[in-house]
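Visitor: return atomic coordinates for the entry below.
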Amino acid sequence: MDNYFSRWRLSLRPFKFILALAGAFGVCWTVVDVAFYVTSQSRDWVINHWWIFVIASLSWALYSCRPKNRVSYKLKGCDTIIEIRVSDIFQNKGAVVIPVNTAFDANMGGIVVRADSVQGAFLRRYFHSDPHSMNDEINRQIEKMGLIPLSEGDRFRVYPIGTVVSIVRGSQPFYLLASSRLSENGRAFGEINDVKTALAKLWDFICNKGDKGDVVIPVIGTGNARTSLSREDAIRLIIKSYIASSAKKTYCDRLIIAVHPNDVDKFKINVDELEVFLKYSCEFADFESGYSHGRYE
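Guide: Numbering: from 1, shown residues only. Next comes the predicted model:
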C-alpha cells in the first residue's frame with residue numbers, strides 16, 4: 001500500500017494535473033453553457049449544484065493522473081504487441097526470461113539465494129532455495145541442448161554472452177539468459193554491449209527454438225549486473241532491440257517488460273515518458289535502419 005501511494009506522488013505532477021483539470025473544467029463549462037440556454041429550471045439546478053461540477057472536475061483530473069500499471073502498443077506492420085507492465089515478473093503469463101551469469105552458477109557462494117534479484121527469486125520460488133538442485137537441472141538441459149563452453153575451469157564452465165538455456169518447471173517455461181559475467185571474486189558484472197548481445201541472441205533463440213506466445217522479460221542489465229544502464233534506459237534498449245529483431249520475423253505474440261513496483265518508486269521511473277517512447281517506437285518503427293545481426297546499434 002505504501003508503495004502504491006509513493007507511485008501516486010510520482011505520477012501526480014503539477015503541470016500534468018493542471019492540464020487534466022483544465023480539460024475537465026472545459027467539459028463541465030460546456031455542459032453548464034448548454035444548460036443555461038435550455039430552461040430556467042436547468043439553469044437554477046446548475047447554479048444550486050455548482051459543487052458537483054467542481055468535484056467531478058477534480059475527480060477526473062486525479063483519475064487522469066493515476067499511476068499506470070501497464071501501457072501497450074501494437075508494433076506497426078507486425079502482429080505483435082509490446083507492453084510495459086508494473087508487476088512482479090512471476091505474476092505474468094508467458095515464457096519468463098531469467099538473467100543469469102555466463103557460468104549459469106546458481107550458487108556463487110550462497111549469494112544468489114540471498115540476492116534481491118530475478119534469479120534469486122527464481123531459485124527460491126521454483127527450486128526451494130536449493131542451488132544444487134537448480135544447477136543440476138541447468139546442467140541436464142545444457143547437455144541435452146549440446147551447448148559448448150568457451151572455457152572450463154576448476155570451479156565452473158563459462159559460456160558465451162547470450163547463451164540461452166530453456167527450462168520448464170511444471171507447465172511454466174523459462175529462458176535462462178547469460179547476460180552478465182563473473183569476476184575473479186565470484187561477483188556478477190556486465191557491460192552495455194553484453195546486454196545488447198544477450199538481447200539479440202535471446203530474440204534469435206526464441207525465433208528459432210522457442211514457442212510462439214507471450215514472453216515476459218525483466219529490466220535486464222541493471223541491479224546485480226552492475227552496468228551503467230539506468231532502469232529507464234534499459235527498458236528503452238529492450239524495446240529497440242526487440243523491434244529491430246522483428247524485422248526478420250514475428251515470433252512473439254506479446255512482449256511484456258515487467259518492472260517491479262519497488263523499482264518504480266526507488267528509481268523514480270517515469271512510466272508516462274516511457275509510454276511516449278513506446279508509442280513513438282511502435283508507430284514509426286524503421287526496420288531498415290539500425291539493424292545489424294539482431295542488434296540495434
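
Visitor: show me what counts as buried in stretch 234-252.
Guide: Applying a neighbour-count criterion of 16 or more other Cβ atoms under 10 Å, one finds 234-247, 251-252 buried in stretch 234-252. In this view, the C-beta of every residue, glycine as well, is placed from N, C-alpha and C.

Visitor: hey, C-alpha coordinates of that stretch in CSV?
Guide: Output of stretch 234-252 as CSV, limited to C-alpha atoms (Å, rounded to 0.1, in the frame of the first residue of the first chain):
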residue,chain,number,x,y,z
ALA,A,234,17.4,-0.5,-20.1
ILE,A,235,13.7,-0.5,-20.9
ARG,A,236,14.3,1.6,-24.0
LEU,A,237,17.1,-0.7,-25.0
ILE,A,238,14.9,-3.8,-24.7
ILE,A,239,12.2,-2.1,-26.8
LYS,A,240,14.6,-1.0,-29.6
SER,A,241,16.3,-4.4,-29.6
TYR,A,242,13.0,-6.3,-29.9
ILE,A,243,11.7,-4.0,-32.7
ALA,A,244,15.0,-4.5,-34.6
SER,A,245,14.8,-8.2,-34.3
SER,A,246,11.2,-8.2,-35.6
ALA,A,247,12.4,-7.0,-38.9
LYS,A,248,13.2,-10.7,-39.7
LYS,A,249,10.1,-12.5,-38.3
THR,A,250,7.2,-12.2,-35.9
TYR,A,251,8.0,-14.8,-33.3
CYS,A,252,6.2,-13.5,-30.2
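
Visitor: distance between that stretch and the chain's centre?
Guide: Distance of stretch 234-252 from its chain centroid, counting by Cα atoms, centre = their mean, to the nearest Å, is 13 Å.

Visitor: now stretch 250-268
Guide: 2 Å.

Visitor: for the residue sitting nearest the centre point of the chain, what are its contacts?
Guide: What sits nearest the mean C-alpha location of the chain, by Cα atoms, centre = their mean, is Ile257, with 2.1 Å. Residues counted as contacts of Ile257 (Cβ atoms under 8 Å, 6 or more residues apart in numbering) are 82-85, 217-219, 235, 238-239.

Visitor: just the residues you listed: which are in strands?
Guide: If you go by DSSP state E, those have 82-85, 217 in strands.
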